[in-house]
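**Student:** coords please:
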Amino acid sequence: MGRTIAQRELRNDNARIIEAVASGESFVVTRNGVPVAEVRPVGGGRRRFVPKAELVALASVGPHVDLEQFRADLDRTIDQSL
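**Tutor:** This next block holds a predicted model:
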């Protein structure tokens, strides 16, 4: 939960508050002392895109997979007659 501000402060200091939101801050807006809204950054959650360089770096430190052994394990496990 973010910092609580009055509706009047949001109206009077809109540019400053939007800059703070762009920097990651959240605000709860009150009217007559009662919370009525939340102003927060959009998309603060999960990324939709992973850069190729980051993916390659992550894959390079993972365990080595022997492809021939992996295929043999699959062939033993899965019924090949289907």
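
**Student:** CA atoms for contacts and neighbours, from now on please.
**Tutor:** Fine.

**Student:** quick one: Ala57 and Glu25, what's the gap?
**Tutor:** 31 Å (C-alpha to C-alpha, to the nearest Å).

**Student:** and if you look at Leu10?
**Tutor:** For Leu10, the distance to Glu25 - C-alpha to C-alpha - is 14 Å.

**Student:** So what touches stretch 34-54?
**Tutor:** Residues outside stretch 34-54 that contact it (C-alpha atoms under 8 Å, 6 or more residues apart in numbering) are 21-22, 24-30.

**Student:** ok, back up a step: for Ala57 and Glu25, indicate the residue with more neighbours.
**Tutor:** Using other C-alpha atoms under 10 Å, the more surrounded residue of Ala57 and Glu25 is Glu25, with 16 against 10.

**Student:** shouldn't the more buried one be in contact with Gly2?
**Tutor:** Yes. Counting by C-alpha atoms under 8 Å, Glu25 does reach Gly2; the two are 6.9 Å apart.

**Student:** any chance you could map the strands in this structure?
**Tutor:** 3-6, 27-31, 34-39 (DSSP state E).

**Student:** any idea which of the ones you listed is most buried?
**Tutor:** strand 27-31 (a mean of 18; mean count of other C-alpha atoms under 10 Å).

**Student:** Mind giving me the packing neighbours of it?
**Tutor:** strand 3-6, helix 7-12, strand 34-39 (3 or more C-alpha pairs under 8 Å, 6 or more residues apart in numbering; DSSP states H and E).

**Student:** need those in JSON lines with distance to Pro63 and mean pLDDT, can you?
**Tutor:** Shown next, in JSON lines, are the helices and strands packed on strand 27-31 (distance: least, C-alpha to C-alpha, whole Å; pLDDT from 0 to 100):
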{"stretch": "strand 3-6", "distance to Pro63": "45", "mean pLDDT": "95"}
{"stretch": "helix 7-12", "distance to Pro63": "52", "mean pLDDT": "96"}
{"stretch": "strand 34-39", "distance to Pro63": "43", "mean pLDDT": "95"}
